[in-house]
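Q: Sequence below, structure please.
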Amino acid sequence: MKNLKALGLIAFALVIGLAAAVYAAGWVSRQGGASTNKVVVAAVDIEPGSKINAEMLSNLDWPAGATPPGAFKSAGELQDRIAKVGILRGEPMLDGKLAPQGTQGGLSAVIAEGKRAMTVRVNDVVGVAGFALPGNYVDVMVNAQQEKSGNQEGKQISKTVLERVLVLAVAQEAGRDDTKPKVVSAVTLELSLEDSEKLDLARSVGTLSLVLRNQVDQKTVASAGFTKDELFGDKKAPLPPAAPAALRKPRPAHAAAAQLASRTHCVEVIQHGVLAVNCF
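A: Purely as a prediction, here's the structure:
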């Protein structure tokens, strides 16, 4: 009995193992027969504004059901296209990451539609110690002397004139993958036409400063600026208001005549050839 029981267990184990082997073989055959598509991917890291050639690309089998929209099947379709953003090695080449056909290479291919690129001169302080890198957002602040208003002297004021401005390039570098600060002498910003005019005026009337901001912070703040008087708390006392015309009592004419008539004693004084009469 014991031998029969042992033989039964062995036979049952063999049947289970055979069924598992058949299932695994079927699964492998099904996976091997899954449909795939050829997708063009980047063979190297591609910088924004770079012109694409065949050496930068390779083909990769991609599951047909998971092919990203806008992908390319042949490297020939990408010849001389321009990368609009940075593309890492192994990423699929998508039409949304490329500038329109016919676009020339360089920084102009990276500028968004309707925007302009404008360069401002900076130093290690104005440029936020080199932390304003391509792809970051900054605010632009100007320190200038206000124009005179009536009899009052123009006040020194610091004011934020532009908010959330994209940094396109620092010096001649537009790569956005580097996070190491770079102290440069010029920063190129992406602006609307109106903001370009505003920035050009701001740098002609005062000194500029860049203020680095969080990349995901999209809030804008309406600031009236800050003057030197407000900074040090010096506020001049307001002048007393002039009395209304209705409350002013004009001097009667007969009173003035009576005062002149009361001055009966007069003395003529000649001084430096000038004759003067003083009555009292």
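
Q: Any idea what the most centrally placed residue in the chain is bridged to?
A: With distances taken as Cα atoms, centre = their mean, the residue of the chain nearest its centroid is Val165 (1.9 Å). Under the criterion DSSP bridges, Val165 forms beta bridges with Val138.

Q: what's the spacing between it and Asn136?
A: 10 Å (Cβ to Cβ, to the nearest Å). Heads up, the C-betas are built off the backbone N, CA and C, glycines and all.

Q: Could you do Leu210 as well?
A: For Leu210, the distance to Asn136 (Cβ to Cβ) stands at 10 Å.

Q: ok, how many other residues are close to Leu133?
A: Counted with other Cβ atoms under 10 Å, residues neighbouring Leu133 total 23.

Q: okay but Asn123 is in contact with Ser185, surely?
A: Yes: using Cβ atoms under 8 Å, Asn123 is in contact with Ser185, at 7.0 Å.

Q: top helix in this protein by residue count?
A: The single longest helix within the chain, with elements called by DSSP state H, is helix 2-32.

Q: Give me the packing partners of that helix, helices and strands only.
A: Helices and strands touching helix 2-32, as assessed by 3 or more Cβ pairs under 8 Å, 6 or more residues apart in numbering; DSSP states H and E, are absent.

Q: Could you pull out the buried residues of the helix or strand just after that helix?
A: Sequence order places strand 36-42 as the next helix or strand after helix 2-32, per DSSP states H and E. Residues of strand 36-42 classed as buried: 39-42 (neighbour count, 16 or more other Cβ atoms under 10 Å).

Q: mean confidence score for the following helix or strand past strand 36-42?
A: Once the chain leaves strand 36-42, the next helix or strand it forms, by DSSP H and E, is strand 57-63. The average pLDDT within strand 57-63 is 87.

Q: which strands and helices sit next to strand 57-63?
A: Contacts defined by 3+ Cβ pairs under 8 Å, 6+ apart place strand 57-63 against strand 36-42.

Q: Alpha carbons of the strand it packs on, in CSV - could you do that?
A: Below are the C-alpha coordinates for strand 36-42, written out as CSV (Å, rounded to 0.1, in the frame of the first residue of the first chain):
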residue,chain,number,x,y,z
THR,A,36,6.4,44.9,-33.0
ASN,A,37,7.3,48.0,-34.9
LYS,A,38,10.6,49.6,-35.7
VAL,A,39,11.0,53.0,-33.8
VAL,A,40,13.8,55.5,-34.3
VAL,A,41,15.5,56.4,-31.0
ALA,A,42,18.4,58.7,-30.2
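
Q: Tell me what angle that strand forms with strand 57-63.
A: 150 degrees (axes from the mean of the first three to the mean of the last three Cα atoms, to 10 degrees).

Q: Where do the helices of the stretch 151-280 of the chain begin and end?
A: Ranges of helices within the stretch 151-280 of the chain are 193-205, 228-232, 253-262, based on DSSP state H, counting those that start in this stretch.

Q: ranking the ones you listed by mean pLDDT, which is last?
A: Of all the helices of the stretch 151-280 of the chain, the minimum mean pLDDT falls on helix 253-262 (a mean of 51).

Q: Look up the pLDDT of Ser35 for me, please.
A: On the pLDDT scale, Ser35 gets 75.
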